[in-house]
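Asker: how would this look folded up:
(one chain, ligands or ions: 1)
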Amino acid sequence: MMRGRIILISRAKRRKEVPRFVFASIFLNLVSLIDLRVAACNSTSCDETMGAASSFVGLRVEQATARRLLAVDSTQTLRQDGDVLIQLKDTIKIYCGDPNNITSMWKPQGKRQAVNPCKEKNGTKQYWRGIDCSADLRVESINLTNLGFSCKLSLLVPSLRSLSRLKHLDLSNNSLTGPIPLELASATALETLHLRSNRLDGQVVPTIFRALSNLTSLDVGNNSLQGSIPPSLGGLQFLETLDMSGNNLTGQIPVELNSCKRLNKVVLSRNGLQGGVPFKSLSNLTFLDVGKNDLSGELPTSLDSLLALQTFDASHNAFEGRFPSFAGLKNLLYLDLSTNKLTSPIPREFYDLMRHLSFLNVSDNDLRGEVPPFDEHRGVTSRSFLNNPHLCGKTLNKKCSTEKSMLVAISVGGTVGCLVMVLLMYVCCSRCLRNAKSSKSSATVSAEVELNLSSEDVTRITQNFSEQNYIGIGSMSTVYRGQFLDGTAVAVKRLTIRRGEMSESAQTVLADRFEILGHIRHSTLVKVMGYCCSPDMKALVMEYMPNGTLSNLMYPSGDAEVVKEFNWTHRINAAISVAEGLKYLHHDCPTPTVHGDLKPSNIMFNTFMEARMSDFGVAKALSDNGIGPSASIVATTSGYLAPESARQACTIKGDVYSFGIIVLEMISSRSPQSLEAGQTLPQWIRDTIQRNKSLKHVLDPILMSELRLQQQRMAMVLGVALLCTREDPKERPYITEILKMLNHIKANRQDGSLRGSRGSRRLRSSLRNHQRNEEVPGINVQPWPPSAGPSAPRRHVMSLPHNPTLSDWTQDSAENR
Ligand SMILES: Nc1ncnc2c1ncn2[C@@H]1O[C@H](COP(=O)(O)OP(=O)(O)OP(=O)(O)O)[C@@H](O)[C@H]1O
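Answerer: So this is what the prediction gives:
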């Protein structure tokens, strides 16, 4: 169809011609709609889809008017905008679902059946929901966020691109799939395009953005897009915001982005980007967030030319060498360079700048030298420098070595000099020995930071544990909201231990354990920011988590103000975060730690709804001191503790079991405590699937709307969780392996193949070690993944990989097998 040509029949004008023309049009449109339907069906649900498609033909013939089925290539009038929206509504209803019925009012209205999405009455806007209009009453903006739409984006684009005046399109927080369609390139009026937090995948095609030359804001974050960032984005001269974070993008950040002179905010974190940071001379750039990538090399001096920069996050990369002075960045407020490989001293000029920062984190590097005394203030404290073993200084409570004075002594020369040197060496060595003795935990505790608070401090923080600060109560503690003097919000967990209940030595041991917990830092763990272990009070001061616990999300109470959406993406992301936290505790942290009490109430959500794990090591610290219920009682009542925990101390494999139960619960929304006595959640899942041969019967009803698109991933995650909950701890994988499996499942296409197939042979063979020949009773084990070939039988019954291995879902596995 040629651009600009409209095939639109005016009913009034052509009523007599309608029969032949309209029937032809209806036929053609039905064929194209069925084509779309076929394109939409995926490999596992085509039968179902096609069945529905044939009944759909009858339905559409009955319902659709000729006008509604006709397509407009580029709208010229408000009425045509309306027609296109009605067409879009049909597509949404048929393919995407509209659980909130947002489009129900998108229809001809009044006696005259007027199609007017921009209706105004007595100066009041009565626009169709989700629609905003320009001053001259044309459709200018579509905002359909967070509405549970679940379909291919390509199905919506034909209508959207027809709206010739559409400037703002926001379809974020739905479940849209497929690549960003090339057809979108013809929506040339677009100024903002927000497709954040969907399930888009495929390569980012450069030509699309070359054409969308009016874009000021592009947000495609939190999807699964692949390939590299298109250099063609450099042609978008009006671009102010670019967010491509949380995808699977690789390659280098294109230097061409420096041509977008209006760039104000660039967010590229959580990808697999490599190379350096090429940004320079972007005088409007205030926000650059490139954390959690594979970037490397030195941080360039050209960063100094980003004069407006306020926020710079380059954490969790592999930047090495020199710490930049950031001398030119007079507006900088937030700086995160943590978890890199920076090895130089921190330049003096930086400490001047530091006074103005409101947040600093340079922990987990190998920075050197003395940190001069500075005024600690909100967000910039000695904790900002954690895990840099070669940093020293009074503020860090760590004496610097006398290297300097030794050099001076050497320069004096002569016999006296030698004598002095010998003396100094003696002093130095004895000091080292003393240090090593006095801080036995220095290998485990990353930096010596004051976490120990007095009971007066804790009482003040919580306003004397006032009722309005009460958050909740557990079996061993009550939790209160609190605030540090600098305004940082905290949660104070006051343990229910009465004065005299603990011996003095037990109290010292507990304080030591709390001190160690306070130095364990990882982005997926709730920070322990202080503790109190005085005779009259035992308390932990923790980072405040404003979005509640996993239990609150899974089972919101009736009076919950906002019942937060907790969809499949949230759940798999939460599982991955918890696995990352456990991996850190078990294998990466200087003091390997067993969580020992992993359960939904210990998984919390921060402002960004990211899962964080709390209470790690607390159960063990308490039980080692004879406090709390015995493990055997907890193991038999909680449903989260591994069966062997009743007989032996908690182990990392015990944590893996608890993790598996939590994942099974997230999939089924069935709490282990809700089961009949003696039954475990894995048993219930296995029995139910054996009886019904279908995933549906164990699935949380809230996830049903996502089943069609996610069933393979759901089944694979279920398989991993069953593996974690094996009775024999030896048969459970380590959390490192589980994490790799979950990440592969997340990046996996619905057809079972893996984009960019990065399966590691070593991992595969280690996972094969977990495979056993016996089958989980009753689970219909089908070849996995289902063959993607055209002759493969379409199945409705879900097959479940009870013993998944990585090779089960890597593309090359089928060939190798
Ligand atoms: N860091 C935090 N931020 C916000 N709320 C918190 C925080 N820690 C705990 N809470 C809230 O306080 C409640 C009580 O927590 P607590 O750790 O005392 O018990 P629990 O984990 O729920 O149960 P149990 O004592 O049986 O392990 C939690 O359910 C949670 O809602």
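Asker: Count the neighbours of residue 104 for me.
Answerer: Taking other Cβ atoms under 10 Å as the neighbour definition, residue 104 ends up with a count of 12. (C-beta placed from N, C-alpha, C; glycine too.)
Asker: Enumerate every residue touching it.
Answerer: For residue 104, the contacting residues are residue 98, taking Cβ atoms under 8 Å, 6 or more residues apart in numbering as the criterion.
Asker: so which helix or strand takes in it?
Answerer: Assessed by DSSP states H and E, residue 104 sits outside every helix and strand.
Asker: Looking at it now. What's its pLDDT?
Answerer: Reading off the confidence values, residue 104 has pLDDT 90.
Asker: same thing with residue 484?
Answerer: The confidence metric pLDDT takes the value 81 at residue 484.
Asker: Do I have it right that it meets residue 458?
Answerer: No: the pair formed by residue 484 and residue 458 falls short of the contact definition of Cβ atoms under 8 Å, at 11.0 Å.
Asker: Have a look at those two and say which one is more surrounded.
Answerer: residue 458 (25 against 16).
Asker: That one touches residue 538, doesn't it?
Answerer: No: Residue 458 is not in contact with residue 538 according to Cβ under 8 Å; the separation is 9.9 Å.
Asker: what residues are shared contacts of those two?
Answerer: The overlap between the contact sets of residue 458 and residue 538 (Cβ under 8 Å, 6+ apart) consists of 494, 532.
Asker: Contact partners for the closest residue to the ligand within the chain?
Answerer: For the chain and the ligand, the shortest gap (Cβ to the nearest ligand atom) falls at residue 474, measuring 2.0 Å. In this structure, residue 474 makes contact with residue 601, judged by Cβ under 8 Å, 6+ apart.
Asker: likewise residue 703?
Answerer: 567-568, 571, 667, 710, 714.
Asker: On the pLDDT front, check it for me.
Answerer: In the prediction, the pLDDT value recorded for residue 703 is 91.
Asker: what about it, distance to residue 304?
Answerer: The span separating residue 703 from residue 304 equals 49 Å under the rule Cβ to Cβ, to the nearest Å.
Asker: For the stretch 501-650 of the chain, list the residues in contact with the ligand, please.
Answerer: Within the stretch 501-650 of the chain, the positions lying close to the ligand (Cβ under 6 Å from any ligand atom) are 526, 542-545, 548-549, 601-602, 604, 614-615.
Asker: The same query, at a cut-off of 5 Å, please.
Answerer: Taking Cβ under 5 Å from any ligand atom as the criterion, the stretch 501-650 of the chain approaches the ligand at residues 542, 544-545, 549, 601.
Asker: Is any residue of the particular helix or strand that has residue 655 in it near the ligand?
Answerer: With elements taken from DSSP H and E, the one containing residue 655 is helix 652-668. No: residues of helix 652-668 are not located near the ligand by Cβ under 5 Å from any ligand atom, the shortest gap being 12.1 Å.
Asker: Can I get the helix or strand following that helix in PDB, CA atoms only?
Answerer: Stepping forward along the backbone from helix 652-668, the first helix or strand reached (DSSP H and E) is helix 681-692. Extracted C-alpha coordinates of helix 681-692, given in PDB (Å, rounded to 0.1, in the frame of the first residue of the first chain):
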ATOM      1  CA  LEU A 681       6.000 -28.600  48.400                       C
ATOM      2  CA  PRO A 682       8.100 -30.500  45.900                       C
ATOM      3  CA  GLN A 683       6.000 -33.600  46.600                       C
ATOM      4  CA  TRP A 684       2.800 -31.700  46.100                       C
ATOM      5  CA  ILE A 685       4.100 -30.300  42.800                       C
ATOM      6  CA  ARG A 686       5.200 -33.700  41.500                       C
ATOM      7  CA  ASP A 687       2.000 -35.400  42.600                       C
ATOM      8  CA  THR A 688      -0.200 -32.700  41.000                       C
ATOM      9  CA  ILE A 689       1.700 -32.800  37.700                       C
ATOM     10  CA  GLN A 690       1.600 -36.600  37.700                       C
ATOM     11  CA  ARG A 691      -2.200 -36.500  38.100                       C
ATOM     12  CA  ASN A 692      -2.900 -33.800  35.600                       C
END
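Asker: the inter-axis angle of helix 681-692 versus helix 652-668?
Answerer: Between helix 681-692 and helix 652-668, the angle comes out at 40 degrees (axes from the mean of the first three to the mean of the last three Cα atoms, to 10 degrees).
Asker: I'd like the next helix or strand past helix 681-692.
Answerer: helix 707-724.
Asker: for the stretch 701-817 of the chain, what are the low-confidence residue spans?
Answerer: Confidence mapping of the stretch 701-817 of the chain against pLDDT under 70 gives the ranges 748-817.
Asker: Write out the residues of this structure neighbouring the ligand.
Answerer: Within reach of the ligand by Cβ under 5 Å from any ligand atom, the chain has these residues: 471-472, 474-477, 479, 491, 542, 544-545, 549, 601.
Asker: Tell me the most packed of those, by neighbour count.
Answerer: Result: residue 542 is most packed of the residues of the chain next to the ligand (other Cβ under 10 Å), 25 neighbours.
Asker: which residues touch the helix or strand harbouring that residue?
Answerer: When elements are assigned from DSSP H and E, residue 542 belongs to strand 537-543. Residues lying outside strand 537-543 but in contact with it, judged by Cβ under 8 Å, 6+ apart, are 453, 455, 458-459, 461, 482, 490-495, 497, 502, 507, 510, 514, 517, 526-532, 612, 614, 618.
Asker: From the residues you listed, which land in strands?
Answerer: Judged by DSSP state E, strands contain the following of the contacts of strand 537-543: 482, 490-495, 528-532, 612.
Asker: List buried residues within those.
Answerer: Buried by 16 or more other Cβ atoms under 10 Å: 482, 490-495, 528-532, 612, out of those.
Asker: distance of the residue of the chain closest to the ligand from residue 110?
Answerer: In this structure, residue 474 lies at 59 Å from residue 110, with Cβ to Cβ as the measure.
Asker: Same check on residue 392?
Answerer: When Cβ to Cβ is applied, the distance between residue 392 and residue 110 equals 78 Å.
Asker: With neighbour numbers in mind, choose between those two.
Answerer: residue 392 (19 against 8).
Asker: ok, which pair from the buried ones among the ones in strands among the contacts of strand 537-543 is furthest apart?
Answerer: The distance between the two most remote of these (Cβ to Cβ) is 22.0 Å, for 532 and 612.
Asker: and residue 283, how many neighbours?
Answerer: The number of residues packed around residue 283, counting by other Cβ under 10 Å, is 12.
Asker: wait, it sits on residue 331?
Answerer: No: under the criterion of Cβ under 8 Å, residue 283 is not in contact with residue 331, lying 11.1 Å apart.
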